[in-house]
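just coords:
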């Protein structure tokens, strides 16, 4: 089902159930998928959309530029990276009025503000560092709620030679429960990205075995290591019922990662959400490159849906 994104308002997507609170992720699939599929064509896969995360291509785009460029490229949603070095300027220091302004800008646009991509991580052997990361993550959750986003990306992140892996896995799980309980109060999702040495999919499954908060979900990061061990399909099945609303992809033109297989499995499992391009390659025209990525995305999705 083809859509002219320039003619579809953000409000229309919200009314169709695209943005939802954290609670509906408890069973591993969006409770709004059925209505969304019906509204968008009635087939599994019709709830999968293309989006953008600022990372490198959007590092120097302020909010008006982000909205304009994403609209030109047909990116349905944008995730804002936080680190004090992005032109969008959305950081913990924003006051109440500034937060309202960010929210208003996206609400008055056709672009969904997907959430925030933080670098908070919960692996440190130092308990004080973990405590600080938990409190920072809570601050970003409150910020994301204030600006109208639906979730916050965090990292696991690494195993440490002096600490047994099982202890680090349990520690990360405990921290995620603290953050997840806080997020649930705001209807936010905690998106645990496959990042760092503790971020391989079997390790993420082990971490999630310690997580009891349904607001905490896994975010695929489309790294070639997803196919290690018994292969991509096996590793995907470990986490398929734990996936959240967003996935990071890097370059659909790149070799090595089984993007088409991933899309096939997402459609088969009736996943709903946004696949966000996170790219750092040097290109002469980033909007044109984003359009190219969307076109490849659309081709893969159509193939997976049997179009």
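Cool, got the structure. Quick caveat: nothing in here was measured; it's all calculated off a predicted structure. Numbers count the residues shown, from 1 in each chain.

going forward, measure contacts between C-alpha atoms and count neighbours the same way
Noted.

Now do the helices in the chain.
Along the chain, counting by DSSP state H, helices occupy 10-15, 33-39, 63-73, 96-107, 127-147, 165-185, 201-208, 232-239, 259-268, 286-304.

Need the residues that contact the fourth one.
Defining contact as CA atoms under 8 Å, 6 or more residues apart in numbering, one finds that helix 96-107 is touched by 10-11, 63-64, 67, 112-113, 143, 146-148.

Return the members of those residues classed as buried.
When these are checked for burial by 16 or more other CA atoms under 10 Å, the buried set is 10, 63, 67, 112-113, 143, 146-148.

Need the max-distance pair from those residues.
Greatest spacing in those, by CA to CA: 10 and 143 (20.4 Å).

end to end, how far does stretch 259-276 reach?
Length of stretch 259-276, first residue to last, CA to CA, to the nearest Å: 13 Å.

So which bits of it are buried?
259-260, 262-267, 269-276.

and stretch 122-139, average pLDDT?
The average pLDDT for stretch 122-139 rounds to 98.

what do you get for stretch 218-227?
Here the average pLDDT along stretch 218-227 is 97.

what do you get for stretch 179-193?
98.

One more: stretch 64-84?
So the average pLDDT for stretch 64-84 ends up being 95.

Please identify the buried residues of it?
So stretch 64-84, judged by 16+ other CA under 10 Å, has buried residues 66-67, 69-71, 73-82.

hmm, which helix or strand of the chain has the shakiest average pLDDT?
helix 10-15 (a mean of 38; mean pLDDT, DSSP states H and E).

isn't residue 217 right next to residue 243, touching?
Yes: counting by CA atoms under 8 Å, residue 217 does reach residue 243; the two are 5.4 Å apart.

how far away is residue 64 from residue 151?
Distance from residue 64 to residue 151, by CA to CA: 21 Å.

returning to that earlier point: which one of residue 217 and residue 243 is surrounded by more residues?
Using other CA atoms under 10 Å as the criterion, residue 217 and residue 243 rank with residue 217 on top: 29 against 25.

Dig out what that one forms beta bridges with.
residue 191 (DSSP bridges).

ok, it - contacts?
Taking CA under 8 Å, 6+ apart, one finds 25, 189-192, 242-244 in contact with residue 217.

And the residues you listed, which two are furthest apart?
Across the contacts of residue 217 (CA to CA), the longest gap, 13.5 Å, separates 25 and 192.

between these two, which one's more packed in?
Set residue 25 next to residue 192 and count neighbours by other CA under 10 Å: residue 192 wins out with 26 against 22.

so how many other residues sit close to the closest residue to the more buried one other than its chain neighbours?
Excluding the flanking residues, the one nearest residue 192 by CA to CA, 6 or more residues apart in numbering is residue 218, at 4.7 Å. Residue 218 has 28 neighbouring residues, counting by other CA under 10 Å.

now residue 241
By other CA under 10 Å, 17 other residues sit near residue 241.

Give me the distance between it and residue 59.
Relative to residue 59, and taking CA to CA, residue 241 is found at 32 Å.

same deal with residue 237?
34 Å.

the more surrounded of those two?
Between residue 237 and residue 59, residue 59 has the larger neighbour count (other CA under 10 Å), namely 17 against 14.

The more buried one and residue 195: what is the separation?
20 Å.

Next: residue 107.
31 Å.

quick one on the thing from earlier: common neighbours of residue 217 and residue 243, please.
Shared contacts of residue 217 and residue 243, counting by CA under 8 Å, 6+ apart, come down to nothing at all.

Please look at residue 288 and residue 73 and confirm they touch.
Yes: between residue 288 and residue 73 there is a contact under CA under 8 Å: 7.3 Å.

nearest spatial neighbour of residue 225, skipping sequence neighbours?
Closest to residue 225 by CA to CA, 6+ apart is residue 200, at 7.1 Å.

Now do the contacts for that neighbour.
Residue 200 neighbours (CA under 8 Å, 6+ apart): 194, 225-226.

Tell me how far it lies from residue 89.
31 Å.

Residue 144: neighbour count?
Neighbour number of residue 144 under other CA under 10 Å is 26.

Pull the contacting residues for it.
Residues in contact with residue 144 (CA under 8 Å, 6+ apart) are 115-116, 150-152.
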